[in-house]
Structures are given as C-alpha cells and as structure tokens.
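Engineer: could you work out the structure for the sequence below:
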Amino acid sequence: FLHRKSWLMLMMTVYTISQAILNSGLHDPASPSLAKRTAVFLFRCFIYCISLPSLVGVQVKQCMQDIRKNDFVRLQIGRVPSCLVEANAIVCMSLCVCLIVALTCEPILHCFGAVGPDGNKLLFVDRCEVGDQLLELYGTFSMCGLLCYYALILDLCVFSNTVSAFMLVFGRVLSELWLCVTFLAFMLLAFATSTVALKPQDSDFDTIPASCLMLLRMFLGMASCEFFEHLHTFPVLFSAVVVFVFLTTVCMVNVLIAQLACAYRQIFGDMVGLARLKRGSVCVLSMSSVSQARWECFVRSLRLDTPCEFGEGDVGMPGAVQTAEPAGVNVTTADMIRRFGGSTSAAAQWPEEENGADAEDRFEKLERLVEKAMKRMSGKKRGGGGSGIGSSTGFSGLSASQSDSGSAMGSGTD
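Structural biologist: As a prediction, the model looks like this:
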C-alpha cells in the first residue's frame, strides 16, 4: 500500500511541477529559457511514458483478475468487472482518460520545430498555430488530471483515525448536499423560465441561460446593490427575484444545515469505528499482494518465538511483541501477574487462587445478597400487614361478642 501510494505521490509531484510550476511563462517563446522548456518536456515525457502505462496496466490487471474469478457486477449496460464500479477505480480510469487526451493535444508535440520571430527553430514551445487551438482543451484535461491525482492520494488518511473519520463523515453527508443541489437546480430552471416569460426589458433575463446565471449569482451573493436598485423599475420581475432569494437563501440553506446536523449526529457515534474498519480493509486488501517470502521475512522479524520479559530478568511467555514505556505512565501498586508453582502440563488441574474469587464474582455475590435481603424485607412487610388486619378484626369481633353478652345479661336482669 505504501509503495503504491509513494509512487503515486511521485507521479503527482512531477505532474504538478510540469503543469503548474514550470508552466508559468512557457506560452511566450521569448521568456522561458531553453533549460526550462527542456525540463518541462522531460517531466511530461515521464508522465506520458511511465506514469500513464503503469496506471493503465494496473487497471487491466485488476480487470483480468475479476474476469478469471468470474467476479462481475450487473448494471443497466450489462455485466462489468467489479473493480470498475469502485470509487478508486473510477477515479483512476478518469485520470487515464485525461492523460490520454492531454497526450493527443500536447502543444509541445504539435509545435515541434516551430520557427521563432528571428527565423530560428525553437525547441519545446507550445505556441504555434495548431498549439494555440489546442491549448484550452489541453489545459482543461490537465486540470482534471491534477484533481484526479489529488483524489487518489486521499487513501493516505487511513493512517490517522481522526482524518479518516472526518472523510467518512464527509462522504456520508454528501447525499444531503446532493439533494440541496438538485433542489437549487430545479428552482433555477423554474424561475429562469418564468422570468423569461415576462419578456422584461433587461438583458440579464432575456434568455434562459442568462437568467439562470443571474439567479445563481444572486444566490451566491455576487450580485451588486446597483443591480437590485435597477430591478425596482420592473415590479413583477423584482417580486419574482425576491421569492427566489427567499426560497433558496433562507429556506433551502436552513433546511440543509438541519439535515447536515441530523446526519452528523447519526454517524458521530460510529465514525471512529468506521475509520478503524476502513484501515482494516486496507490492510486486508494489501495482504493479498504480499509475496510468501516477504511475509515469512516479516514474521521472522517479529521474533514471536522469543520469550518476552515481564521485568528485568523475569522471563515470560513467547508469542508477543514487547514494547517499552516509561515507568510512570501506568503505575501499578500490586503485581498483576499471578504465578503458580508446579507442573506446566495442560492436563494438570488449575490451582485454586489464594485470594478467592475475583472482583466480578464478589460483586455478583454482593448483588445476590442484596436481592435476598430485599425479598425478605418485602415478605416481612406483607406478613406484618396481614397480621395487623387479622388482629384488628379479632378485636372487633371480641368487642362485638362482649357487647352482645352484656345486652343479654341486662335483659335477663330486667
């Protein structure tokens, strides 16, 4: 992974130097020196002869592997290899297309052997009759190629969980932004056609493209105050513009902010875990390209068969990678390593611990004791309430019998 990305960064650096740094002043045949023009030509030869074939070769190799494995994805146009639907592969193919078109439109090649004002032939210039016609097209695809290069190196963010989490969140909220852009395009088309139907005397709204451009400038805040003052002379047009600005600048932007906040709140708790999964997927995909000899050399360098030391002279178990840290980082007042004497056979019974159960078992016992005590207390309360009712009933019955006997005695005396 690092090897591929390092090579990609080298190609991006060379392409940036040839297209954006040394390219300044190259269009004037009299200003740049021959050394500068030669350096630009050599850098572009490196891109077209080394970088472009390597990119095409990687894509062809991945497609052939998917074809051998019968790994296809069904789309509307038919079945295509699965590598062609991945985001990284799409950007890489776009870069290949941009470089191929730039190679066919390369002004230096079309102006090879051009004659200067003094009648002498000039080497590696891009200003001639044919080159001037292709310069704008060449610059467009050069710009797209540089953007593709920068998009391909975004995979390096997996080395930082913070940056990787930010990129994942940014990718998840793009759907909300796309909805906002779709709504903005709909509003631009609706109000542009409506304002053209008014047939205003303003040249900024006489056609649909001009009206869309002017409304977009209003949405972006690029319209001047004088333009709005000029709209006061057209009350109906001014009212339509006010409605458009209210719906887009006020309503749509606030809805977009609310959607982004809700989407970020949903993914916030999982973004670090997703970043770690992204790093793990990169490691898994990189493992398939590692040779057997290189993997065995890496395993031997880990020295997993060497026992690790718990302390100075305290030899422990093998199968781990030992790292050192300052003694004051994790201070422990009790020995966390439990040692037992006797045989190390796997069939031997594990000796009993002297300190009894661990902390979790003690907490579980304490919880059971509390539950039993609560049950006893609730049982006592129910029993006490029943005895109180029975005793009161007994007393009332006793008093009633005493009153009946008293009345009977009184009647006998009479």
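Engineer: can you list the low-confidence ranges for the stretch 101-250 of the chain?
Structural biologist: Judged by pLDDT under 70, the stretch 101-250 of the chain has its weakly predicted residues at 114-120, 200-202.
Engineer: can you pull out the strands in this structure?
Structural biologist: Along the chain, counting by DSSP state E, strands occupy 72-75, 78-81, 114-115, 121-122, 309-311, 314-315.
Engineer: looking at these, which is nearest to residue 244?
Structural biologist: strand 72-75 (37.8 Å; Cβ to Cβ). (C-beta placed from N, C-alpha, C; glycine too.)
Engineer: packing partners of that closest one?
Structural biologist: strand 78-81 (3 or more Cβ pairs under 8 Å, 6 or more residues apart in numbering; DSSP states H and E).
Engineer: among the strands of the chain, which comes closest to residue 277?
Structural biologist: Closest among those, using Cβ to Cβ: strand 72-75, at 21.7 Å.
Engineer: so for that closest one, mean pLDDT?
Structural biologist: For strand 72-75, mean pLDDT is 79.
Engineer: show residues contacting it.
Structural biologist: 66, 79-82, 84-85 (Cβ atoms under 8 Å, 6 or more residues apart in numbering).
Engineer: what's in contact with stretch 131-143?
Structural biologist: Against stretch 131-143 from outside (Cβ under 8 Å, 6+ apart): 19, 27, 98-99, 101-102, 105-108, 110-111, 114, 125-126.
Engineer: now distance to residue 229 and mean neighbour count too, for the strands of the chain, in JSON lines please.
Structural biologist: Below are the strands of the chain laid out as JSON lines (distance: least, Cβ to Cβ, whole Å; neighbours: other Cβ atoms under 10 Å):
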{"stretch": "strand 72-75", "distance to residue 229": "53", "mean neighbour count": "12"}
{"stretch": "strand 78-81", "distance to residue 229": "56", "mean neighbour count": "13"}
{"stretch": "strand 114-115", "distance to residue 229": "52", "mean neighbour count": "16"}
{"stretch": "strand 121-122", "distance to residue 229": "53", "mean neighbour count": "14"}
{"stretch": "strand 309-311", "distance to residue 229": "82", "mean neighbour count": "12"}
{"stretch": "strand 314-315", "distance to residue 229": "86", "mean neighbour count": "10"}
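Engineer: between the contacts of strand 72-75, which is nearest residue 330?
Structural biologist: Checking the contacts of strand 72-75 one by one against residue 330 (Cβ to Cβ), the nearest turns out to be residue 82, at 46.0 Å.
Engineer: that closest one and residue 67 touch, don't they?
Structural biologist: No: between residue 82 and residue 67 there is no contact, the gap being 10.2 Å when judged by Cβ atoms under 8 Å.
Engineer: which one's more surrounded, those two?
Structural biologist: More crowded of residue 82 and residue 67, by other Cβ atoms under 10 Å: residue 82, with 16 against 12.
Engineer: who's in contact with the more buried one?
Structural biologist: 66, 71-73.
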